[in-house]
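Peer 1: Using only what follows, build the 3D model:
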Amino acid sequence: MRPSLRSSLRRLTSKDIASGHEAAPFAAARTFSHDVLLVEDDPTMRQTLGQFLALSGYSVLTAPDGRAALQTLANQLARLIITDIFMPETDGFELLTELREASVNSPIVVMTGGYGGERKLSLDVARHLGAARLLAKPFGLGQLLAVVNELIGYPAPRTARSSSA
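Peer 2: Numbering: from 1, shown residues only. The predicted structure follows:
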């Protein structure tokens with residue numbers, strides 16, 4: 001069952017964000033290893049969006065929740081992070097907070113379903129926490145691609161392997 005917005009916000013505010021706790025060990029000096037990190041708990045959605053972005057020319061990492069995303073980012077950096085809000089373990093609000101506290105400068109796109117006022121509130125909170133763009137589900141693949149292109153540019157052309165004659 002999906003956690004409610006209220007419980008997600010309660011967990012977020014119960015953490016002492018201003019306490020200066022030790023940030024996740026992201027190496028700021030490392031170079032980006034991938035274009036996009038996609039964080040989505042729904043396996044079908046994660047696979048569909050990941051494959052679409054890969055077919056569009058981007059190198060993509062995926063993670064099923066915020067905790068796995070933080071573990072991935074400890075070893076590999078992405079130029080753009082796309083995350084759902086409501087996920088098990090570490091939700092999108094907590095992920096946004098952790099990334100900003102750790103001075104991860106990659107733009108973050110937040111996507112969420114939800115209904116009516118809950119969806120609007122979720123997106124408003126994400127914007128306040130530093131999300132660069134917001135996508136309300138359902139959204140079109142063209143809309144996703146336009147946001148990715150806007151934030152990190154079109155994918156670099158892939159170089160063909162040189163064959164020895």
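Peer 1: chain center to stretch 130-138, what's the gap?
Peer 2: Stretch 130-138 sits 10 Å away from the centroid of its parent chain (Cα atoms, centre = their mean, to the nearest Å).
Peer 1: Name the residues of that stretch that are buried.
Peer 2: For stretch 130-138, the buried set under the neighbour-count rule, 16 or more other Cβ atoms under 10 Å, comprises 131-135. Backbone N, C-alpha and C define where each C-beta goes, glycine included.
Peer 1: Contacts for that stretch, please.
Peer 2: Taking contacts as Cβ atoms under 8 Å, 6 or more residues apart in numbering, the residues outside stretch 130-138 that touch it are 96, 100, 107-113, 119, 123, 126-127, 143-144, 147, 150-151.
Peer 1: which among the residues you listed end up buried?
Peer 2: Neighbour-count burial (16+ other Cβ under 10 Å) is assigned, among these, to 96, 100, 107-113, 119, 123, 126, 144, 147, 151.
Peer 1: Least confident of the residues you listed?
Peer 2: Taking pLDDT as the measure, those have their low point at residue 119 (75).
Peer 1: got the contact list for that one?
Peer 2: Residue 119 makes contacts with 112-113, 136, as judged by Cβ under 8 Å, 6+ apart.
Peer 1: Mind putting the residues you listed into a markdown table with distance to residue 78 and secondary structure?
Peer 2: Converted to a markdown table, those look like this (distance: Cβ to Cβ, whole Å; DSSP: H, G, I helix; E, B strand; the rest coil):
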| residue | distance to residue 78 | secondary structure |
| --- | --- | --- |
| 112 | 20 | strand |
| 113 | 23 | coil |
| 136 | 23 | strand |
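Peer 1: mind giving me CSV with those residues and columns for distance to residue 66?
Peer 2: Conversion of those to CSV gives the following (distance: Cβ to Cβ, whole Å):
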residue, distance to residue 66
112, 13
113, 17
136, 20
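Peer 1: For residue 35, give its distance to residue 90.
Peer 2: The spacing between residue 35 and residue 90, counted by Cβ to Cβ, to the nearest Å, is 22 Å.
Peer 1: what residue ranges in the chain score low on pLDDT?
Peer 2: In the predicted model of the chain, residues 1-30, 115-116, 156-165 satisfy pLDDT under 70.
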